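Asker: predicted model follows, preceded by the sequence.
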Amino acid sequence: MQNSAQPIGVFDSGLGGLTVFGELTRTLPQERFIYLGDMARTPYGSKSRETIIRYSRECSAFLLEQGVKIIVVACNTASSLALEALQAELPCPVIGTVEQAAKCALQATRSKRIGVIGTEATISSGVYQARLQQLEAGVSVFSQPCPLFVPLVEQGMVSGEIVEKVVELYLRELRSKEIDTLILGCTHYPVLAPVLQDFLGEKVCIVECSKAIASEVREMLGAESGNETRSEAESKFYVTDSLSRFRTLAPIFLRQTRTEFQAEKIELTE
Ligand code: DGL
């Protein structure tokens, strides 16, 4: 059974899941968190379904070994392709990104014309399209994979001429569809939100899943959460590649100025 002393586990293929992690720690300051960024194997978004499921199982197994009470899959690619398998197999609740982002977008849209951007694996899975149309039959969904966004932001490139050109390349056609809402179907993308907003114009509402996921976890924990504030001091970060790159780039994704992290490099095993 869950208890308040157990940490909450969060994983992503790299640094993008820190956008969700940041929101979780702000919403639930009394909880302890463990973050796993599988940086050595980023991007997941260009890998096959089998590989994404295998990597997601390995990340989850590592988090379970750390005694987590809930796993947040802070990766749309893993959520789109592996969530069902994880929910069926794991002994703790597993929360993904797609459901929350889809619901937020449906609340935001007036015209019922919604754009979705994500990795190649997420977009070709069709999960967003299917879920949006299940929740609201009349909605039109326009999807676009943006495979260069993840490598760009994992290099810390979140603005400037090159980023603007790539944004234009991917979003030009989507802009012509007159969407009024855009789902950032990848947890790496919120750091690009200002450039995306500039390109699409102020009238388009940009939706990311992090706030909704944080509220879902808070609801799930209910009264079980304690009162002490400890998430910053007691949270721990694990990465499967360079710690120095993690330390340099983490503040961008966490959207905070903090520079001290309890971080450790690990290797995942099957
Ligand atoms: N941040 C991830 C997502 O939300 C995955 C990016 C990748 O590894 O391709 O899809």
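Answerer: Right, received. Where do you want to start?

Asker: buried ones in stretch 49-61?
Answerer: When burial is assessed from 16 or more other CB atoms under 10 Å, stretch 49-61 yields the following buried residues: 52-53, 55-60. In this view, the C-beta of every residue, glycine as well, is placed from N, C-alpha and C.

Asker: pLDDT value on G156, please?
Answerer: Here the pLDDT value assigned to G156 is 89.

Asker: wait, isn't it in contact with L249?
Answerer: Yes. With the criterion set as CB atoms under 8 Å, G156 and L249 qualify as a contacting pair; they are 5.2 Å apart.

Asker: which one's more surrounded, those two?
Answerer: For G156 against L249, the residue with the higher neighbour count under other CB atoms under 10 Å is L249, and the figures read 22 against 13.

Asker: is the more buried one within a helix or a strand, and which one?
Answerer: Here L249 is covered by helix 243-254, with elements defined by DSSP states H and E.

Asker: what does the helix or strand following that helix rub up against?
Answerer: Moving toward the C-terminus from helix 243-254, the next helix or strand (DSSP H and E) is strand 263-265. Strand 263-265 is contacted by residues 236-243, 246-247 when judged by CB atoms under 8 Å, 6 or more residues apart in numbering.

Asker: now do stretch 198-209
Answerer: Among residues not part of stretch 198-209, those counted as contacts by CB under 8 Å, 6+ apart are 19-20, 76, 97-98, 100-101, 104-105, 108-109, 115, 164, 167-168, 171, 174-175, 179-184, 187, 189-190, 193, 196-197.

Asker: restrict those to those near the ligand?
Answerer: Contacts with the ligand within the contacts of stretch 198-209, counted by CB under 6 Å from any ligand atom: 76, 187.

Asker: list only those of the contacts of stretch 198-209 flagged as buried.
Answerer: Among these, those classed as buried by neighbour count (16+ other CB under 10 Å) are 19-20, 76, 97-98, 100-101, 104-105, 108-109, 115, 167, 171, 174-175, 179-184, 187, 189-190, 196.

Asker: who's in contact with the spatially most central residue of the chain?
Answerer: A centroid search over the chain (CA atoms, centre = their mean) returns T187, at 3.2 Å, as the residue closest to the centre. Applying CB under 8 Å, 6+ apart, we find T187 in contact with 12, 16-17, 19-20, 74-76, 97, 208-210.

Asker: any idea which element L64 lies in?
Answerer: Under the criterion DSSP H and E, the helix or strand holding L64 is helix 49-65.

Asker: show me what that helix is packed against.
Answerer: Helix 49-65 sits against strand 8-12, strand 33-37, strand 70-73, helix 76-89, helix 120-125, with contacts defined as 3 or more CB pairs under 8 Å, 6 or more residues apart in numbering; DSSP states H and E.
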